[in-house]
Structure formats: structure tokens, C-alpha cells
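> Okay, predicted coordinates and the sequence, questions at the end:
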Amino acid sequence: MTIDYALIWAGLIAFAVLAYIVLDGFDLGVGILFPWVKGQEHRDQMMNSVVPVWDGNETWLVLGGGGLFAVFPLAYSIIMPALYAPFIVMLLALVFRGVAFEFRFKSRNNQWFWDLAFAGGSIVAAFAQGVAMGALVQGIPVVGRAYSGGWWDWLSPFSLLTGLALVVGYALLGATWLMLKTEGHVAQQALRAARVLGVALLGLIVVVSVWTPFLHEHFMLKWFAWPEVVLVVPVPILVAVCALLLYKGLSEEKPLTAFLSVQGLFVLSYMGLLISFFPYIVPSAVTLWQAAAPDKSLKFLLVGAVVLLPMILAYTAYAYWVFRGKVGPTHHYHA
Amino acid sequence: MDWLDALTLARIQFAFTVSFHIIFPAFSIGLASYLAVLNGLHLATGRAVYLELFNYWKKIFALAFGMGVVSGLVMSYEFGTNWSVFADKTGPVLGPLMGYEVMSAFFLEAGFLGVMLFGRARVGPRLHCFATAMVALGTFMSAFWILSVNSWMQTPAGFSQNAEGQFVVESWLEVIFNPSFPYRLVHTILAAYLTTAFVVGGVAAFHLLKMRLQKVALATPERLASQLAVHTMFSMAMWMAACVAPLQILAGDQHGLNTVEHQPRKIAAIEGHYETQARAPLILFGIPNSKEERMDYVIEIPYLGSLILTHSLDGVIQGMKEWPPSERPPMGIVFYAFRVMVGIGMLMLGLGVWSLWLRHRGKLYENVWMLRAALWMGPSGFVAVLAGWVVTEVGRQPYTVYNLLRTADSAAPIHAAAVAGSLIAFVVVYFALFGAGTVYILRLMRQAPDAGHAELPVNEPVRAGGIGRPSALTGASGTAALKGQP
């Protein structure tokens, strides 16, 4: 039996991207919610809830990009030029919010500016990620080994909708995270935001899900043809379960249930997307086997991944454990 | 403006973003090691001064590291956005090396950074020291992998090419340990250490000079503690300068010999030789005249060029005329940048030797000229690092993968307008944000090591990440942490 390294790596890259969404999603969400919470001490509290971990969270994005370069260089060299504008905008936005973590606490006079940078950077980065995802789903024209479309192809009603959906989704993640990690005013505000955002996100998930199959014939076949449909059917059912749990978590004020059910919604939406994509990595144009680097490269990096990824997960979990518990309202940043 | 095409713009953009980026790791590689040493010394000796210095430099590290992370994130996507042909062709070789960098370095740094910055009271001094060491190890691993990548582009080895024109690996060991890698790694790590040593020394000199002016004030215990911290800082920095500067010159010489062997065109540009000659002089200064293919206004030392590069008086050095113009790197930039780098290296060595002499005479902390020199030399490492970077990167033009893939054939099919737009955005954002960051760093440096403690006692409950469970602080780990602090 030969080992399909390309398939294994597709799974690992998919995992890295999912890890990024699950982890960085809530700290971007905290930034998105910044404008709706007034008062410096409350904002300190919000930011402090993610300060020790945001760095590691964002590293999964580097692994997603670097990993794509390493194991699917063809896909990387087609997708990046195609989504040039959203990616550049996302990177710049992440620069803004990244430095804001440090600068905000160093500057009490210009703090309003770093508040703006943190909130604006988080919102724009989330929106750009959603747009990039939508643009990838709707398809990228390819000729030979290069992108052949125009510079505004990524901009469409569908990609704008997915951009909005991701901002709302991350905000909901952030709100439930704040319910979990803070107390007092911030936690109450977060709960109120979560109620509105929860309804909005579910609506957006339905619209995007209904729209997606009409973008490619390939998607349509995947979603409604036998036997693939067996894989697809559980997804909406589980989405409904998560929605119910979210309702329960919010109405009974069980933050952990609420947080995990939103994460569940993200995982399921992502699974739906993966099922639609497979076996393409650039929809309808390049399959993951066409895009894969030679087996020798895949094997070499896989050895490292098998050893290092469990270690990474272990010490990441340790870092979260060290900083467990709620952020008090009066504690000041010190570094 | 014919020359301002997409390729040129993409090159300017890469040069700009990577130059900004390299400043931060050059500093944080050295500073992470310094922090690990301070933490270890405190654990071993229990002396308060080391923890005080640790807390002082840790704040500066957090700022520099944050800027390094976000500017580095940009780099990891820029290969695809602006250099997609390069990415497609070299992905199978360079991609896995960068994958290893992410997995063995970036996660390690990011995973333990939170604990190092905010977790001392929560994990206790031992684990805290361990976390600091892990961050330092992470910065080292990062340098290892990315310099392997860079070196492979300079001196490719262990590969073949497939039908699609992609580079395919034949031997990973040959790829990773390609001919120029060991030299480049040592040279760059030492450069990072020197850079940090001079920053630390410069900050210490600033405070020593300031303390001289305030000599009339009372010698309160706080002032004495502060003075001790500054003395310790200065002493450590000058030991580093005295030990590492000569090592660096030795490493640079070895790196140069390696370049003679693998990239003679770069050497021709560095040396400013158009003609091939035996018993070549060392050109100290001159102005390259590319039209007439000769050096103007030359100041030179006979024989020394051959002696340095071939370690023999009548060794032959190849001149630029050996190669057609289409194969030559631009001489002027490489020639001048090299002299800036070496000049600073010599000054560093001079300061290091001088510090040994003053130390021997017991006047290290008093000699005003020494302190002024150390202050002015504070940022010199950054200039030298950038100059060295220019030498090696411009010197290997016109190729991205030496002799195999031309820079002109590496770029993405992107419109000049798109590249120009993103370039302007990067320039504006980088100058604004990293400018602000530099101001904040300088503000932190302006405070003497004890000044910050007025508002933030060393016994601070270290809980930036918040998460205040008061019981954790009064409990066992909290007491242990408090005991470890002055």
C-alpha cells in the first residue's frame, strides 16, 4: 500500500487553518467588540483576556501560509496573486492590531489611537479573511501554472457576504470568550452582544450555505448527489444542535456552553466547506494532488509535523492553563 | 518612468519590508539570550540585580518582538503575492525549511512568550526560567532555518529540476547544510549578539552619564540599587563586545573566503576590482565608475587584498570584467555597504579593547569619553546588520537562486499599479507604526532600571494576562515567587 502524502498534508493544512480560526477567531472578535464597550478599564480587561495567548494564536496563520508554500507550492503561487488585495489588506490590518497590543499600554495619551488601531485592525482583518475565503470558494481562473484573472475578481456580492459573515462570527466568538473570561460590566455587555450576533450569524450561515452550491456544478453534485449526500446531511443537523446549545448557553448564562457551541458552528461550517472543495484545492481548477510538492518534500516535513505538532499542542494547552480563570477588573498590565 | 515596472516595484517592496523586519530579529535574537542569561543568573545566585535587569529588558523585548512578529507575518505571504513564480519553483525545497521554522521556532517563541512576560507569579521561578530559555531557543531555531533558506538561494546544493522547472530535493542534508550556511549562520548570530550588546551598552552609558550629572544627590538605597543595575548592564555589555567583536571579524573573514569560492562576482563588487589580478591591493576607498569600468579616486594598500582573500601575497583575485554585464551585480551599492559594515566592526573591536584596558585600570564606569563612545555606538549594530544584509543580497544579483533563477523571472504576474499601491501602503504603515514603536522603546530606555519600580514594584503581582485569582498569589507559588524577588 502506498501512502498518499498529499492527502495527509491536505488534512494537516486544513487542521492548521481550522486551528487558526478556532483560536485567533476569538481574539479578533474581542477587537471587533471594542467599539461597543466604553471605558478604559473595561477595555483593559478585554485586552488582558487575550494578551498572553494572541501571539501563539496568530502563529497558526503563519503555519497555514507557510505550510501551503511548503506542500502545495502551486496552489500558493496561484491563490496569493489572485487574492492579492484582500491578503495585503489583511496583513496590514494584522500589523495594526498586533502592535496595538503592546503600544496601547505604553501610551496613555494616545490610547484612543491604539484603541482605534486594535478595533479597526481586527474588523478589517476579519472582513478581509472572509472576503478571501468567499473569493476562493467562488473560483479562480487558472491558465497553465498561474492565475489568469483580473485584479478585482475577488470582489463580488458573495465574497462581501462571506466577509460580513466572518466578522459577525468572530465577534460572536469574542463575545462568548469574554463571557467566559471576564466579569461585571464587560461580561454583561458581551452577553447582550452575543444574543444579537447569534441570531445574525445563524441567518448568515443559512444564506451562505444556500448560495454556495449554485457557484459551481461541482459543489451542486457534491451536495445533492448520492452517495456524497450521506456525508453532507449530518452537517446541517449538527448545525441545528449547536444553535440550540448556543440558545441554551445564552439564556441560562452558561458561558462555556455558549463558547463551545459557537466553536462548533465554526467547525461545522468549515467541514461543509472542505467537503465541497474536495478533491480540489483551487475549486474546479487544481486538485490537491496536482498542487502537491514532490513526495520527498512532503515526507521530510511530515516527520517534523508528527513530532512537533503534538508538542506545540501540548505547550499551547499549558499556556492556556497557566492563564486560566477570569480576568479581574482592576488588574493592570505591567510589561 | 519606464524603469518603474512591476518587477522593480516588487524588488523595492521586498527590500523595504525585509529591511524593516530584519532590525527586530537582529535585536530580539540577542536580547532573548540576554534575558535567559539574566534569568539563569538570578536563579543561580539569587542576586536581586539580575531580576531587576530582567524585568527592565523584558518590557523592551516585548515591544521589539511584537513588531518582529507582525512584520515577519507579512514576509511569509509576500513570497506568494509578489514572487509567485519563485514560490512555485522553489517551494518543494524552501517550503519545508520554512515549515520547520514555523513549527520549531515560531510556536516555541509564541507559546512561551506569554509565560515569560506575565507568568512568573503563576509558574514560579524555575519554570519561568525554563520558559525564557525556550523563547531564546526559539529565536535561535528561527535564525537557523531562515538562514539555511537564504544560504540555499546563495549557494544551492542537493537538488535537481523536474519537468515543470521546479527544484526538487535530492539530499536534505546537502540542502540544509549548503556550502555557505555554516558561515552565514555564525556570522549572523554573532551580529545579533553584538547588536544587542551595543544597545545594552548604549543604554547603560546613557544612564551612567546622567548619574554623573546628578552626583550631588543623596545616595539613597534605591539610587545605589539603580547604580548597581546600570554598572552590571554596562559591564556585561562590554564583556560581550570585547569577546564577540574579534570572533565576528574572524567569522567574517571565513565567510569571505567561502564567498570567494562560491560567489566570486560578489567578491569583485565588494573589493571594487574590475580587472583580474595577482598581488591585488586592498582598496580602502574609491568611486566605482561603471561606464568606464574602473575605480576612480582610489586609496589602496598594496598586496593586502590578495593576502586577505587568498591568505597569500600573490593570490589571484577575479575582477568584474571576467563576466558579461548581464551577470554582474551592481558594484557601487555592494562596495560602499561592505565598507560601512567592516568600518563599524572595527569600531566595535576598538571599543571592546578599550573597555578591557579601562576595566583593568578600574575606570570603566568613570571615563566620560568611553561612556560617550558607547552611547553613540548604541545603534551601530543595526547599521552594520543592514549594511551586511545589503552586501549579501545585492551582491548575489541578478539571481534569486544563484546562477539558476533570475530575479526578473521570479516575480508574480501582478500589475505595476497593484504592487505600487501595496508598496505605498507598506511604507506609510511601517514608518508610522514602527516609528511609534521605536519612540516607545526609547521612552522605556530613558527610564533607569529602578525608575519603573516607583509605580510598579518588583513584587508586582504579575498578572497582565489578568486572570486574577487572588488565591493563586497568596498560595504556595505566589510566596515562592515573592521570595525570589527583591
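Perfect, thanks for sending it. Numbering: from 1, shown residues only, chains lettered A, B, ... in the order given.
> Looking at residue 331 now. What's its pLDDT?
Since no chain was named, I'll use chain A. Predicted confidence (pLDDT) for A:His331: 50.
> please go with chain B instead
Looking at B:Met331, its pLDDT reads 83.
> okay, and for the stretch 1-150 of chain B, where does confidence drop off?
B:1-4 (pLDDT under 70).
> Please, where are all the helices along it?
B:6-45, B:48-82, B:84-101, B:107-118, B:120-154 (DSSP state H, counting those that start in this stretch).
> which one is B:Met98 nearest to, not counting chain neighbours?
Spatially, and ignoring its direct neighbours in sequence, B:Met98 is nearest to A:Gly66 (4.9 Å; CB to CB, 6 or more residues apart in numbering or on different chains). Where C-beta positions appear, they are placed from N, C-alpha and C, glycine not excepted.
> Neighbours of that neighbour, how many?
26 (other CB atoms under 10 Å in any protein chain shown).
> Look up which helix or strand it falls in, please.
Assessed by DSSP states H and E, A:Gly66 sits inside helix A:54-71.
> can you map out the helices along chain A?
Counting by DSSP state H, chain A has helices at residues A:5-33, A:40-48, A:54-71, A:73-82, A:84-106, A:111-138, A:157-181, A:185-211, A:217-224, A:228-232, A:234-251, A:255-277, A:288-291, A:295-322.
> Out of the ones you listed, which is the most enclosed?
Across the helices of chain A, averaging neighbours per residue (mean count of other CB atoms under 10 Å in any protein chain shown) puts helix A:73-82 on top, at a mean of 28.
> could you check the angle helix A:54-71 makes with that helix?
Following axes from the mean of the first three to the mean of the last three CA atoms, to 10 degrees, one obtains 120 degrees for the angle between helix A:73-82 and helix A:54-71.
> is helix A:73-82 anywhere near chain B?
Yes - legend: contact between helix A:73-82 and chain B by CB under 8 Å from any CB of the partner chain is shown at A:Pro73, A:Leu74, A:Tyr76, A:Ser77, A:Ile78, A:Ile79, A:Met80, A:Pro81.
> Residue in the stretch 51-200 of chain B with the shortest distance to chain A?
Distances between the stretch 51-200 of chain B and chain A by CB to the nearest CB are smallest at B:Gly91, namely 2.3 Å.
> hang on, that residue packs against A:Pro73?
Yes - assessed by CB atoms under 8 Å, B:Gly91 is found in contact with A:Pro73 at 2.3 Å.
> Could you tell me which residues touch both of these two?
A:Ala293, B:Gln166 (CB atoms under 8 Å, 6 or more residues apart in numbering or on different chains).
> on that earlier part again, so which of the helices of chain A gets nearest B:Ile22?
helix A:84-106 (16.0 Å; CB to CB).
> what helices or strands is the closest one leaning on?
Using 3 or more CB pairs under 8 Å, 6 or more residues apart in numbering or on different chains; DSSP states H and E, the elements in contact with helix A:84-106 are helix A:54-71, helix A:111-138, helix B:48-82, helix B:416-446.
> can you list the ones you listed in TSV and add distance to A:Ala291?
Formatted as TSV, the helices and strands packed on helix A:84-106 follow (distance: least, CB to CB, whole Å):
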stretch	distance to A:Ala291
helix A:54-71	9
helix A:111-138	13
helix B:48-82	13
helix B:416-446	24
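> returning to that earlier point: could the helices of the stretch 1-150 of chain B go into a markdown table alongside mean neighbour count and distance to B:Gln214?
As requested, these are exported to a markdown table (neighbours: other CB atoms under 10 Å in any protein chain shown; distance: least, CB to CB, whole Å):
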| stretch | mean neighbour count | distance to B:Gln214 |
| --- | --- | --- |
| helix B:6-45 | 21 | 26 |
| helix B:48-82 | 24 | 19 |
| helix B:84-101 | 26 | 47 |
| helix B:107-118 | 25 | 31 |
| helix B:120-154 | 22 | 31 |
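> For residue 12, which residues are in contact?
With no chain named, the answer covers chain A. A:Gly67, A:Leu302, A:Ala305, A:Leu309.
> hm, I was asking about chain B
Contacts for B:Ile12 (CB under 8 Å, 6+ apart) come out as B:Leu423.
> Surely B:Ala192 and B:Ala26 touch.
Yes - between B:Ala192 and B:Ala26 a contact is recorded at 5.0 Å, counting by CB under 8 Å.
> Need the residues touching each of those two.
B:Val385.
> Determine the number of other residues adjacent to the residue in the stretch 201-335 of chain A that chain B sits nearest to.
Proximity of the stretch 201-335 of chain A to chain B (CB to the nearest CB) peaks at A:Val327, 3.0 Å away. Using other CB under 10 Å, A:Val327 is surrounded by 25 other residues.
> Was I right to think it contacts A:Gln45?
Yes - at 5.4 Å, A:Val327 counts as touching A:Gln45 under the criterion of CB under 8 Å.
> wait, isn't A:Ser209 in contact with A:Gly272?
Yes - using CB under 8 Å, A:Ser209 is in contact with A:Gly272, at 6.8 Å.
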